[in-house]
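**Student:** I would like to see how this sequence folds:
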Amino acid sequence: PWKGYFHLFYIRNKAGLDSIIAHAWTDSLGKAWSVDTMAFRPSGRGWDAKKVWAPSLQRVGNLYYMFYTGVDSVGHQSIGYATTPMLGTTNTTWTRNLVSAYTAFHTDWADTVGHEVANRRSFRDPFVMPDPDLAGRYLLFNTGEDRILFPRYVIGVARNQPGTLSAWTNIGKYPATDH
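**Tutor:** Residues are numbered from 1 along each chain as shown. Next up, the predicted model:
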């Protein structure tokens, strides 16, 4: 638990509304959860203008990083993050990174055009974790449309560049995960 609470960040999509990220918390897993259904919404402009989903949180130093999928006004998906110094229970103030941190263009395996949905890049669902082989480094796993096997999707992995979570180096894809 962070700050004495268990936290759950999840996708919430209501009919007629764009995808948002909700936040639930409890001080004991045996008790009821409190919920903020509108905890993090699309920005209205830029890389996460229309939708946000698939949150993955990591505490790094004095900041909590929430990596998530953003969808721009055209429908392209990419991965970025927002930070907060305090993970509270209500009205958490997030500072968005104004540009996405990782996109299909950063890889040699992801489709940069979009074929399943014509001309809309599918590059999403980040999961960020500490790199077990390199202290202070992180791995970012995500889903993307394979540029060779489209419209199949595959899982890719990247490692952060030293000293930043804004820049990632593509490590490759796991071909056995295509579907």
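
**Student:** Report the contact partners of the most centrally placed residue in the chain.
**Tutor:** By Cα atoms, centre = their mean, the chain has its centre lying nearest to Tyr68, at 1.9 Å. Contact analysis of Tyr68 by Cβ atoms under 8 Å, 6 or more residues apart in numbering lists 21, 40, 48, 52-56, 79-82, 126. Just so you know, the C-beta spots here come from the backbone N, C-alpha and C atoms, and that holds for glycine as well.

**Student:** What are the boundaries of the helices in the chain?
**Tutor:** Using DSSP state H, the chain contains no helices.

**Student:** tell me which helix or strand of it sits lowest on mean pLDDT?
**Tutor:** Every helix and strand in the chain was compared by mean pLDDT, DSSP states H and E; the lowest is strand 34-40, with a mean of 90.

**Student:** For it, name the packing helices and strands.
**Tutor:** strand 6-12, strand 20-26 (3 or more Cβ pairs under 8 Å, 6 or more residues apart in numbering; DSSP states H and E).

**Student:** So, low pLDDT: which residues of this structure?
**Tutor:** Where the chain drops to pLDDT under 70, the residues are 1-2, 15-17, 179.

**Student:** Strands of this structure, residue ranges please.
**Tutor:** In the chain, the strands defined using DSSP state E lie at 6-12, 20-26, 34-40, 51-60, 63-71, 77-84, 95-96, 123-130, 138-145, 153-160, 168-174.

**Student:** Using TSV, lay out those together with distance to Val117.
**Tutor:** Below are the strands of the chain laid out as TSV (distance: least, Cβ to Cβ, whole Å):
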stretch	distance to Val117
strand 6-12	18
strand 20-26	21
strand 34-40	24
strand 51-60	13
strand 63-71	11
strand 77-84	10
strand 95-96	25
strand 123-130	12
strand 138-145	9
strand 153-160	12
strand 168-174	20
